[in-house]
Structure formats: structure tokens, C-alpha cells
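[1] predicted structure and sequence below. I'll ask about it afterward.
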Amino acid sequence: MQDMIYFVMYFIAIQFVVFAVIVFVLKRVLMGDTLSAVNRLRQVEDELRKKEDALKRRMEEQEAELGKKRAEALAELETAREQSAKEASQLKEALVAEARQESQRIIDAAEKDRGRMRHELEQQVEVTALEQVGEVFHSVFSDRVSDALDRQFIAELLAALEEVDETSVTVDAEEAECTTSRPLEPDQKQALQKILSAKFGAELGLREQVDPVLLSGMVLKLGSLVIDGSLSNRFKEVITATKKAKMHQGDG
């Protein structure tokens, strides 16, 4: 009986020892797994923290880069705006200057046209006045009086030609052009050729032509030298002097 009790107690003790060993082993295993898990968890946390820090730095760098690009974009926008404003101002100034030039050109052209039209009108008035004077001359004076007046004008021109200082005159022609209101009389032609030969020391050819518009007198052309001793030229001088007198009266 005691042996049975002893055996039972021994068995129980063995079971307790085995259970204790199992519990110890399990505890060691569980503690090892727990420590491994904790270490792995810490490693994961460290890796996550590192990734989070890296991500944060990257976000900060991206934010800084974005801010820099935004500042550059704003600066470029401001520069473009200033350039556009400058170009718009320059374009405006150019358009204004061009408009002023065009206005001045139009004014100058109008002034030029007015001056041209005034000159043409004056010439037309002068021509009309000379035509009217010619009509009056032919209506009032007889042929005899006209012939006498013509001879008087030609004589005055020949007298004036004789008084010309030949040293002060250069004749660059081989012939003289003589325009008269009537054909020259032989004595008039001879007197003219004699004066030309005496004054210029050479036998100049004489080319004659008739222009009744001269009314009386003669126009003598020696190269670039022109001597107008016609009655129509006298009338022109009177008309010009009259116009100048009227202009001075208008200014006053």
C-alpha cells in the first residue's frame, strides 16, 4: 500500500517536473518569439520612421522646389507683364508719332497743293491778263503805230546791247537766237549782226523766228544769256509789280 502511494507520489512528482520543464521550455520559446517579434517590430518601426523621415524630407524638398518654381514663374510673369507694358507703350508712342507724321505729311501736301494751285492760278491769271492786253493792244493801235512801236523797242534793245561790257559776258553758243513780233527789217538785222560781231569778236550765226505774242520788240538769246526787250515782257513786269504791291497792302 505504501509502495503504491510512494509510486503515485513519485509519478506525480515526475509529472510536475515534466510539466515544469514543459512550462519552462514553453516560456523560453514564447519569450524568444516575443523578443524576436519585438525586435522585428522595432526594426519595422525604425524602417517606417526612416521612410517617414525620408518622405518628409522629400516632401519638404518638393515644397521648396515648388515654392522656387512658383517664385520664378511669378518673376517671369511680372517680367512679361512689364515687357508687354513697355512694348505697348512703345507701340502707342510709335503709332502716335506715325499719326503725327502722317498728319504733318497731309498738312504739308495740302500746303504744297495750295501753293501749287495758287501758283498755277497766278500763272493763269497772268496769261489771261497778257492775252487781254494783247487783244486791247491790237484793237487800239493801228499797224502803223504798232510798226513804229516795234522799231522803237528794237532800237532800245540794240542801244542797250551796245552798252554791255563784253568782258563781263561769256557767250557759250555758236549762234544767236532772235525772236521778234514781226520779221526783222534788213537794216535791223544788219545792225544786230554788227553789234554782236563787235562785242564778242566772232561771226555768230543768227537764227530768226517770229512770235506775235511778244506784241513788239525782240528777245535775244546768246547761249545761257537771255535779253528780253519785248512789250509783253514789259507788261509782265507791270503785272508782277502790281501783284507784289497788292500783297504788301494785304500784309499791312
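    Right, received. Where do you want to start?
[2] tell me how far F153 lies from K92.
    Distance, F153 to K92, by CB to CB, to the nearest Å: 68 Å. For every residue, glycine as well, the C-beta is placed using N, CA and C.
[3] which one's more surrounded, the two?
    F153 (22 against 10; other CB atoms under 10 Å).
[4] enumerate every residue touching the more buried one.
    By CB atoms under 8 Å, 6 or more residues apart in numbering, the residues touching F153 are S216, G217, M218, G229, S230, L231.
[5] run the last query once more with 6 Å
    S216, G217, G229 (CB atoms under 6 Å, 6 or more residues apart in numbering).
[6] turn these into a markdown table, columns for distance to R57 and pLDDT.
    What follows is the contacts of F153, written out as a markdown table (distance: CB to CB, whole Å; pLDDT from 0 to 100):
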| residue | distance to R57 | pLDDT |
| --- | --- | --- |
| S216 | 117 | 88 |
| G217 | 114 | 88 |
| G229 | 112 | 87 |
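[7] between these, which is nearest V96?
    Closest to V96 out of the contacts of F153 is G229 (58.7 Å), distances taken as CB to CB.
[8] bridging residues for the closest one?
    Per DSSP bridges, the residues bridged to G229 are M218.
[9] any idea how far it is from T242?
    21 Å.
[10] of these two, who's got more company?
    Neighbours were tallied for G229 and for T242 using other CB under 10 Å; the higher tally belongs to G229 (22 against 11).
[11] what is the neighbour count of E78?
    By the measure other CB under 10 Å, the count of residues near E78 is 10.
[12] helix/strand/coil for T179?
    With DSSP: H, G, I helix; E, B strand; the rest coil as the basis, T179 sits in strand.
[13] isn't it up against V210?
    No - if you go by CB atoms under 6 Å, T179 and V210 don't touch, sitting 7.4 Å apart.
[14] the more surrounded of those two?
    More crowded of T179 and V210, by other CB under 10 Å: T179, with 18 against 12.
[15] list the beta-bridge partners for the more buried one.
    Bridge pairing for T179 (DSSP bridges) gives the partners Q209, V219.
[16] tell me the contacts of it?
    T179 is in contact with Q209, D211, V219, counting by CB under 6 Å, 6+ apart.
[17] cool, thanks, signing off.
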